[in-house]
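just coords:
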């Protein structure tokens, strides 16, 4: 594996491991609370992170999104929108299933494939901007995850 | 510039730009508040991020840390430790000065130099673990920054 790909993959896996450790340590009651007064609930943020993971499947060319119906709940609507959420147990499982799906694809990708374009950039634009590749998505999504994890640690007493 | 180096550098600069936008939008009063009840103050977190930046100078082989006396205040002591903090204006400037110092070095580093070891790993260990390089530090520190930025957005009303 190339050194930069290893750095970015290690960073991703380390961040997911930290997330799992935090989520597994939180009771359902803790996870259902808001991370700070008037802010998102842990439940919403967990669903949000899972849905972002899920959308990485088509974005990285790994196949269809598992639950596109979750986009409306966790991506295009804010928390407390009135949109019906699945049960917390389902959301916890959704998070784990999206990570398992991603991992199964990550482990078979070659360094050359990580340097290929992601599916939100056209071939034409990618020719001019070759940094808009799959590795870039993985950096960006790890950043997004840890941004919210910084908030979700507040759910711990 | 190599594609992976560009990805990581763009990610760093984008994160610093987001941080500056947030910090510049916060009044001193907002920044002095705690990010959530019983949690760190914005002032402490800003000093913490600046001190982490400052320590990157020796870590990446760019020279001496500018203010090693800040480590005790912002790195090895928690917020509200009773350690005397500099003024908020000084901390705001410290943040900007550390970023300027880092940028001046980043812009002159070659892709090959980004792949060289950082100063917390011995030459012996680096020979076995070549991913422990300067690029890795930049990924890691951008993650750390955005983790705290996720908390500091709560300072906005």
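Happy to help now that I have it. Bear in mind that the values here come from a model prediction, so they are computed numbers and not experimental data.

show me what contacts the residue nearest the centre of chain A?
For chain A, the residue nearest the mean C-alpha position is residue A:53 (3.3 Å; C-alpha atoms, centre = their mean). Contact analysis of residue A:53 by C-beta atoms under 8 Å, 6 or more residues apart in numbering or on different chains lists A:95, A:98, A:99, A:102, A:141. Where you see a C-beta, it was placed from the backbone N, CA and C, and this is true even at glycine.

save the residues you listed as TSV, and put in secondary structure and neighbour count too.
Formatted as TSV, these follow (DSSP: H, G, I helix; E, B strand; the rest coil; neighbours: other C-beta atoms under 10 Å in any protein chain shown):
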residue	secondary structure	neighbour count
A:95	helix	21
A:98	helix	23
A:99	helix	20
A:102	helix	20
A:141	helix	20
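
any chance of JSON lines for these, columns distance to chain B and pLDDT?
Shown next, in JSON lines, are those (distance: C-beta to the nearest C-beta, whole Å; pLDDT from 0 to 100):
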{"residue": "A:95", "distance to chain B": "18", "pLDDT": "98"}
{"residue": "A:98", "distance to chain B": "20", "pLDDT": "98"}
{"residue": "A:99", "distance to chain B": "18", "pLDDT": "98"}
{"residue": "A:102", "distance to chain B": "18", "pLDDT": "98"}
{"residue": "A:141", "distance to chain B": "11", "pLDDT": "98"}
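
and the helix or strand containing residue A:19, what does it pack against?
Assignment of secondary structure by DSSP states H and E places residue A:19 within helix A:3-25. Applying 3 or more C-beta pairs under 8 Å, 6 or more residues apart in numbering or on different chains; DSSP states H and E, one finds that helix A:3-25 makes contact with helix A:88-106, helix A:111-114, helix A:134-152, helix B:3-25, helix B:134-152.

want to throw those into JSON lines with distance to residue B:35?
Conversion of the helices and strands packed on helix A:3-25 to JSON lines gives the following (distance: least, C-beta to C-beta, whole Å):
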{"stretch": "helix A:88-106", "distance to residue B:35": "25"}
{"stretch": "helix A:111-114", "distance to residue B:35": "35"}
{"stretch": "helix A:134-152", "distance to residue B:35": "9"}
{"stretch": "helix B:3-25", "distance to residue B:35": "12"}
{"stretch": "helix B:134-152", "distance to residue B:35": "4"}
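
burial count for the closest residue to residue A:28 other than its chain neighbours?
Leaving aside its sequence neighbours, residue A:28 sits nearest to residue A:88 (C-beta to C-beta, 6 or more residues apart in numbering or on different chains; 5.3 Å). By other C-beta atoms under 10 Å in any protein chain shown, the residues close to residue A:88 number 16.
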